[in-house]
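> turn this into a structure:
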Amino acid sequence: MSEYRIFETTGFQRDLTGLGPAAAKRIHDALAKRVYPILRAAPRAVASAARLKDWDPPTWRIRIGSWRIFYEIDDEKRVVFLTAADHRKDAYR
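Have a look, this model is predicted:
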């Protein structure tokens, strides 16, 4: 079975830029070192991942410190779409 590809949407990249350079670097480092390898192999197996209830399309979130990263999974095409990033206090509004 092949690995999933990871795609950072424009909205996700814009969100990271809006968080400031320090937070963006911390998040990118955590994603590259700890999260992306797991997402590529099994996107539902990330330790801090949880599926969000009543979200359409089905959306998952990962916790990285005080930040939340949201993503969608396309199993047919084997792609993980990172769709948004936000601080936990604003993430679910």
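> now tell me which helix or strand of this protein has the poorest mean pLDDT.
The helix or strand of the chain with the poorest confidence is helix 21-30; it has a mean of 91 (mean pLDDT, DSSP states H and E).
> same for that one, what does it pack against?
Judged by 3 or more Cβ pairs under 8 Å, 6 or more residues apart in numbering; DSSP states H and E, the packing partners of helix 21-30 are helix 10-18, strand 60-64, strand 67-74. Every residue, glycine included, has its C-beta placed from N, CA and C.
> after it, which helix or strand is next?
From helix 21-30 onward toward the C-terminus, using DSSP states H and E, the following helix or strand is helix 36-41.
> pull out the buried positions in that next one.
Neighbour counts using 16 or more other Cβ atoms under 10 Å place Y36, L39 of helix 36-41 among the buried residues.
> go on, stretch 75-83?
Of all the residues in stretch 75-83, those buried under the rule 16+ other Cβ under 10 Å are V80, F81, L82, T83.
> hang on, the earlier thing: just put the helices and strands packed on helix 21-30 in CSV and tack on mean pLDDT.
As requested, these are arranged in CSV below (pLDDT from 0 to 100):
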stretch, mean pLDDT
helix 10-18, 94
strand 60-64, 94
strand 67-74, 95
